[in-house]
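Engineer: sharing a sequence plus its predicted fold:
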Amino acid sequence: MEADPLAAAVVADAPAATLAGLPVPTQYLAAHLRAEDQDMFSGVDDKDVRKSIHVGPVPMPDLAPDEVLVAVLASGINHNTVWSAMFEPVPTFSFLRKFGRDGGWAARHDAPHHVIGSDASGVVVRAGAGVRRWRVGDRVVVSPVYVDDEDPAGHADGMMGPSQLAWGFETNFGGLAHYCVARAGQLLPKPAHLTWEEAASNPLCAGTAYRMLVSERGARMKQGDTVLIWGASGGLGAYAAQLVRSGGGIAVGVVGSEAKARAAKEFGCHVVIDRREIGIDGTVPEDPAVPGRRLGKLIRDAVGADPQIVFEHVGRATFGVSVYVAGRGGTVVTCGSTTGYQHEFDNRFLWMRLKRVIGSHGVNLAELNEMQRLLELGLLRPALSATYPLEETREAARLVQRSLHTGKVGVLGLAPRTGLGVSDPGKRRALMG
């Protein structure tokens, strides 16, 4: 690849005037997928994402008037990274083709390569002519939600706009790279007390958990609520446990091993249950009421009440149990289905016990800003457990694919090592010790 003096200047923390005067490279290093590979896992049981993720140079896209070019210091792995690299449930190139048919600037996204990644922290190095709030040199984090500000529905709630997209999943030029392209309406200031990798670990998972639990569009958790959290040691669960605890609720986590039980307690769970105790092994139970009764008894014995809220993202293997175990009038809030999308449950336990199921997706910018305020107050901490260099994105994604991680798995972009990016060390000492 060509030498990149702009990247070097970003790493050296050069002033904005210097960054603005340096040329943008014509290509950059990125973790990406290739359209030619999208059938590679046909008939294969182990869709090993290390085989489909490439780390190498890609062309630098042009910048639309409402966009910014961010030099990425750090990013992170999410489950949508894994889904992208498995080409499931459909290859993401179908999303890029659909978006590209909008024409204009959207056409850039329909390319034979897909730069993935839905989290990022970094420095703005270019701003389009229509960008007002952000300037070269600003330190930012990037929302995982790509919103069309000309869509009327999006002005009530960014997630409700029909043209809303998951950045780096349904769009190109995502965060697992040295540079990323984002709309100006995706940016928030980077918390000054966090490192680059810590700041990048929060937007997707912490934002999603905030919307699911706290937002008026989610379960509207209140003080004293018992909240059952499936996968309480993973990225979503780690933030859910913290939000429940800091919000005055009682966090009951379900995990799959002793090591993950320890992690869940560190993240804030009051009670942790090993799913093996209730007969959940990742497959769909023949009768969800059987593990549901076991789980309900363990929760009542521990906290004295059925859960008012069930935090669901596991999907097919647990959803029937979730509907069963939620207390009368309780809420099951779901944002995903890592074990399968087709859910089966006994509807009697939903309607006769007056329960609700809420679908939740992503996070709007106002909610993300509220989540970041909790970080700034020290009421929420990054759930980062491991960080890889960009060149090892394949291994980082494989770790998440096999569910061998706890919390969030970070990936360094331009940052040469972990621990960089803190501009307020005094605040860091006060909030994080």
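Structural biologist: Good, I have the coordinates.
Engineer: just checking, what packs against the lengthiest strand in the chain?
Structural biologist: Ranked by number of residues, the top strand in the chain under DSSP state E is strand 67-77. Judged by 3 or more CB pairs under 8 Å, 6 or more residues apart in numbering; DSSP states H and E, the packing partners of strand 67-77 are helix 5-11, strand 120-127, strand 139-142, strand 179-183, helix 196-200, helix 393-401, strand 408-412. Where C-beta positions appear, they are placed from N, C-alpha and C, glycine not excepted.
Engineer: can I get the CA coordinates of whichever helix or strand comes after the last one in CSV?
Structural biologist: Yep, that's strand 408-412 we're talking about. Downstream of strand 408-412, the next assigned helix or strand under DSSP states H and E is helix 425-432. Extracted as CSV, the C-alpha positions of helix 425-432 are listed here (Å, rounded to 0.1, in the frame of the first residue of the first chain):
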residue,chain,number,x,y,z
PRO,A,425,-6.8,11.3,33.0
GLY,A,426,-8.2,13.0,36.1
LYS,A,427,-11.7,12.1,35.2
ARG,A,428,-10.6,8.5,34.4
ARG,A,429,-9.0,8.2,37.9
ALA,A,430,-12.1,9.5,39.5
LEU,A,431,-14.5,7.2,37.6
MET,A,432,-12.6,4.1,36.9
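Engineer: list the contacts of P91.
Structural biologist: By CB atoms under 8 Å, 6 or more residues apart in numbering, the contact list for P91 reads 35, 38.
Engineer: what does the helix or strand hosting V82 rub up against?
Structural biologist: Assigned by DSSP H and E, V82 belongs to helix 79-86. Outside helix 79-86, the residues within contact range by CB under 8 Å, 6+ apart are 33, 41, 47, 49, 52-53, 89, 92, 114, 116-118, 166, 168-169, 176, 235, 336, 338, 397, 400-401.
Engineer: same question, stretch 338-345
Structural biologist: 79, 89, 282, 284, 288, 313-320, 322-324, 337.
Engineer: what's the first-to-last distance across that stretch?
Structural biologist: 17 Å (CA to CA, to the nearest Å).
Engineer: what's the answer for stretch 208-222, then?
Structural biologist: End-to-end span of stretch 208-222 (CA to CA): 18 Å.
Engineer: in that stretch, what's buried?
Structural biologist: Within stretch 208-222, the residues scored as buried using 16 or more other CB atoms under 10 Å are 208-215, 217-219, 221.
Engineer: now swap in stretch 64-73 and tell me
Structural biologist: Using 16+ other CB under 10 Å as the test for burial, stretch 64-73 gives 64, 66-73.
Engineer: could you pull out the helices for this protein?
Structural biologist: With helices called from DSSP state H, the chain shows them at 5-11, 16-21, 79-86, 93-100, 196-200, 203-213, 235-246, 258-267, 289-303, 319-325, 348-351, 365-377, 393-401, 425-432.
Engineer: ok, which of those comes nearest E277?
Structural biologist: Nearest to E277, of all the helices of the chain, is helix 289-303, at 7.0 Å by CB to CB.
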